[in-house]
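[1] test case, fold it:
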Amino acid sequence: MPSAVTTKGQITIPKEIRKQLGIEPRDKIDFILEKDRVVLVPVKTLKDLRGAVKALKKRPAMSERQHAKAALAKRVIQEME
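    The predicted structure follows:
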């Protein structure tokens, strides 16, 4: 699927490829140079992974933060003993 390069160096990724790779508007793309070709790879962020793993327990964010702080404090105390 050929695509032209504009005078600003921009290209259009064909719709079929965007759909297959799940590329949406404002997504980031990484260009990887492999010898004499370029590979385009969608860049995923932590925000993209949000909700990918189901929480074990449903707790409000503040409660979760307090739980994490308590667990860290307990570990630090154990290491100091």
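[2] tell me the SS of the closest residue to E24 other than its chain neighbours?
    Once flanking residues are discounted, E24 sits nearest to R18: 7.8 Å by CB to CB, 6 or more residues apart in numbering. C-beta here means a position set from N, CA and C on the backbone, and glycine is covered the same way. Here R18 takes the helix state, with states given by DSSP: H, G, I helix; E, B strand; the rest coil.
[3] and R18, what's its pLDDT?
    For R18, the pLDDT comes out at 91.
[4] offset the numbering so it begins at 75, please.
    In the new count, where the first residue is 75, that last one comes out as R92.
[5] measure it to G125 for me?
    R92 is 22 Å from G125, where distance means CB to CB, to the nearest Å.
[6] past the helix or strand of the chain with the lowest mean pLDDT, which element shows up next along the chain?
    When the helices and strands of the chain are scored by mean pLDDT, DSSP states H and E, helix 120-123 comes last with a mean of 73. Sequence order places helix 135-154 as the next helix or strand after helix 120-123, per DSSP states H and E.
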